[in-house]
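Undergrad: Build me a model from this:
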Amino acid sequence: MKVGQKAPDFSAKDDSGKTVKLSEFKGTKVVLYFYPKDDTPGCTKEACNFRDGIATIRKLGAVVLGVSADSVESHQKFKKKFDLNFPLLADTDREIIEAYDVWKEKSMYGRKYMGIERTTFIIGKDGKITHTFPKVKVAKHADEVLEALKG
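TA: Coordinates of the predicted model:
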């Protein structure tokens, strides 16, 4: 996915079991972030950084949607444990993950496997991608997203 491309529409269940469609957010900026796994150190830090910056993100006219291949139930536990204040989408069949091309070969301790490459897309009010953040480094990522939303 490249800047300027129309973001692929999708629908998925969120942590409350409600179906969320990207097309419902037309006219609103969307921070769509993909993360590997609920309640793991990097993913927790990233989610908590978005949680802590949500007021500013909303002031800038945007919403945050987190996506992983975890189940609705897993998302519910993760959201409750860390008091997350934005929807987590359950993409258990990896349709969204594959549509946004973030299902990649990864390597850990010399072992290769397929998984979600931590990636964020900012989708403009017109439904086109305005920013991409591949291979996200968690520590400063929420700040990078805020800067991009301001720009």
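
Undergrad: in the helix or strand of the chain with the lowest mean pLDDT, what's buried?
TA: Counting by mean pLDDT, DSSP states H and E, the chain has its least confident helix or strand at strand 103-108, which shows a mean of 89. Neighbour-count burial for strand 103-108, counted by 16 or more other CB atoms under 10 Å, picks out Trp103. To be clear about C-beta, it is placed using only N, CA and C from the backbone, and glycine gets the same treatment.

Undergrad: Could you list every helix and strand that the following helix or strand past that strand packs against?
TA: Next helix or strand after strand 103-108 toward the C-terminus (DSSP states H and E): strand 111-116. Using 3 or more CB pairs under 8 Å, 6 or more residues apart in numbering; DSSP states H and E, the elements in contact with strand 111-116 are strand 103-108.

Undergrad: what lines up beside the strand it packs on in the sheet?
TA: strand 111-116 (antiparallel) (DSSP bridges).

Undergrad: what about the strand it pairs with, distance to the chain center?
TA: 19 Å (CA atoms, centre = their mean, to the nearest Å).
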